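Mind looking at a prediction? Sequence and model below.
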There are 2 protein chains.
Amino acid sequence: MKAVRKVDDKNKTREAILNATETIMREDGYAAVSSRRVAAEAGLKSQLVHYHFGTMDELFLALFQRADAQNFDRHMQLMTAPNPLCELWKLNTDRKGMGLIFEFMALANHREALRKEIARANVRTRSLQISILKRALDESGVPLDKFPPNVLSLLMAGAALELVTEASIGVHDAHSDTLKFVENLLQSIEPIHATTKTVG
Amino acid sequence: MKAVRKVDDKNKTREAILNATETIMREDGYAAVSSRRVAAEAGLKSQLVHYHFGTMDELFLALFQRADAQNFDRHMQLMTAPNPLCELWKLNTDRKGMGLIFEFMALANHREALRKEIARANVRTRSLQISILKRALDESGVPLDKFPPNVLSLLMAGAALELVTEASIGVHDAHSDTLKFVENLLQSIEPIHATTKTVG
DNA sequence: GTCTATAGGCCGATAGAC
DNA sequence: GTCTATCGGCCTATAGAC
């Protein structure tokens, strides 16, 4: 009984620390993340951060892994979605999901462990996206060499990244035109259809 | 005579500080940039950083402005290039030019002055790219509504950003396929021709 | 324009008690 | 698992002499 209690406390504290870290990174950037700041945000003592995560590097790594796991799960759900291409585009352009990407990329520039982890996550997600896209293209009868799934995945990611990046600095100059263009293109591959397929 | 000497010294010191800041940002990220580190890298006293730039925020701002001016100049040169579309793609995918983008974007997340400046630079460059693309499309007789220049500019920037981003973390999974795809597309708009136009 | 000196503050991480 | 106490270090920025 007591052991279970301790484990629960441990996980709760860990989650609280990760949540606090994420909040600070979103609001003030990674450079503002310190064991003292995180502890204050979570209502804890700073030494607990070190107890649960060791170094600050390991804390960043754990936060990235949690975010990546969530992102991967959301992709997995698209494997059985009725209109995966459209859903994939929505997922890519979700600003909240992308909010920490620059912080992590900047961190990765000089933290080798994190760089490797981001690379691993990128490859894994790309691979899943390719499976999703293959199915979408197959179902629509689009020849795979017209839009190779791996190329499509990268280009969609790029377009979405640019849109989210610019939006984050308050620039929206060609956005509605680009959204129209991309959505037209995606619809030409995957026509809209109802969630429940109708006969015929 | 003496006044000129002072001004030269001033500019030299300023440049040395900016160069040192850039080096540190590339190697260890923006969080590693401190007045002491910059001064050490440049062989100066840390107080000179404050004398010449005031706060660290202003130093980051000045460095961004210098980089943006260089980038804008390189774009201007494309206004008279023989194959601007191809050159624009090269410029966008130049990894050295993009090296600090994540650092600045991460900084911009919580430094308002820098965010505004990056937004301004983004709009200005986008606008110039659109002019360049219009000319390229006109010369090739491609109808502007097939590839609207503003959309094309954003999509090229996005594709390039994704390629550079992944390359920076050591991922190259779909890169050669994507490069072939994009370059084929660009060549269908702007066929390769020699630097000196032949009569014909 | 560059120097010395210094104020005032936050940082990561550990040791040892409970 | 959480506490108190603490070491040693780097930080921004300013004041005032030259």
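Done, it's in. Remember, it's a predicted structure, so these values are computed and weren't measured experimentally.

now the worst-scoring helix or strand of chain A on mean pLDDT: how far from the chain's centre is it?
In chain A, no helix or strand scores lower on mean pLDDT, DSSP states H and E than helix A:2-28, which sits at a mean of 85. A distance of 20 Å separates the centroid of the chain from that of helix A:2-28, by Cα atoms, centre = their mean, to the nearest Å.

In it, which residues are buried?
Of the residues in helix A:2-28, A:13, A:16, A:17, A:18, A:20, A:21, A:22, A:24, A:25 count as buried by neighbour count, 16 or more other Cβ atoms under 10 Å in any protein chain shown. Heads up, the C-betas are built off the backbone N, CA and C, glycines and all.

One more: stretch A:63-74?
Using 16+ other Cβ under 10 Å as the burial criterion, the residues of stretch A:63-74 that qualify are A:63, A:64, A:66, A:67, A:68, A:71, A:74.

What average pLDDT does that stretch get?
In this model, stretch A:63-74 has a mean pLDDT of 97.

tell me how far that stretch is from the chain's mean position?
Distance of stretch A:63-74 from the chain centroid (Cα atoms, centre = their mean) equals 6 Å.

quick one: that stretch near chain B?
No: using Cβ under 8 Å from any Cβ of the partner chain, stretch A:63-74 stays clear of chain B, coming no nearer than 12.1 Å.

Go ahead and confirm residue A:79 touches residue A:130.
No: at 11.9 Å, residue A:79 does not count as touching residue A:130 under the criterion of Cβ atoms under 8 Å.

Among those two, which residue is more densely surrounded?
residue A:130 (19 against 11; other Cβ atoms under 10 Å in any protein chain shown).

Quick check, the more buried one in contact with residue A:151.
No: the pair residue A:130 / residue A:151 is not scored as a contact, 9.7 Å apart, by Cβ under 8 Å.

Could you tell me which residues within stretch A:128-146 count as buried?
A:128, A:129, A:130, A:132, A:133, A:134, A:135, A:136, A:137.

Contact partners for residue A:77?
Residues counted as contacts of residue A:77 (Cβ atoms under 8 Å, 6 or more residues apart in numbering or on different chains): none.

at 10 Å instead, please
By Cβ atoms under 10 Å, 6 or more residues apart in numbering or on different chains, the residues touching residue A:77 are A:84, A:87, A:91.

Give me the three-state assignment for the closest residue to residue A:95 other than its chain neighbours.
Nearest-residue entry for residue A:95: residue A:164, 5.4 Å, with adjacent residues in sequence omitted and distances by Cβ to Cβ, 6 or more residues apart in numbering or on different chains. Under the three-state scheme (DSSP: H, G, I helix; E, B strand; the rest coil), residue A:164 adopts helix.

if I look at residue A:164, how far off is DNA strand D?
30 Å (Cβ to the nearest atom of the strand, to the nearest Å).

Does that residue touch residue A:98 like I think?
Yes: counting by Cβ atoms under 10 Å, residue A:164 touches residue A:98, with 4.6 Å between them.

Report the set of residues contacting both of these two.
Contact criterion Cβ under 10 Å, 6+ apart; residues shared by residue A:164 and residue A:98: residue A:92.

returning to that earlier point: JSON lines for the contacts of residue A:77, including distance to chain B, neighbour count and pLDDT?
Shown next, in JSON lines, are the contacts of residue A:77 (distance: Cβ to the nearest Cβ, whole Å; neighbours: other Cβ atoms under 10 Å in any protein chain shown; pLDDT from 0 to 100):
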{"residue": "A:84", "distance to chain B": "18", "neighbour count": "22", "pLDDT": "95"}
{"residue": "A:87", "distance to chain B": "19", "neighbour count": "18", "pLDDT": "96"}
{"residue": "A:91", "distance to chain B": "15", "neighbour count": "20", "pLDDT": "97"}
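
Just the residues you listed: which are in helices?
A:84, A:87, A:91 (DSSP state H).

Tell me if the lengthiest helix in chain A is near chain B.
Criterion DSSP H: the longest helix present in chain A is helix A:112-140. Yes: contact of helix A:112-140 with chain B (Cβ under 10 Å from any Cβ of the partner chain) involves A:114-123, A:126-127, A:130.

and these as TSV, adding pLDDT?
Listed next are these as TSV, based on pLDDT from 0 to 100:
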residue	pLDDT
A:114	97
A:115	97
A:116	98
A:117	98
A:118	98
A:119	98
A:120	98
A:121	98
A:122	98
A:123	98
A:126	98
A:127	98
A:130	98
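
sorry, back to before: closest one of the contacts of residue A:77 to residue A:40?
Distances from residue A:40 to the contacts of residue A:77, taken as Cβ to Cβ, are shortest for residue A:91 (33.5 Å).

My understanding was that the closest one contacts residue A:128; is that so?
No: shown here, residue A:91 and residue A:128 do not form a contact pair, counting by Cβ under 10 Å, at 11.0 Å.
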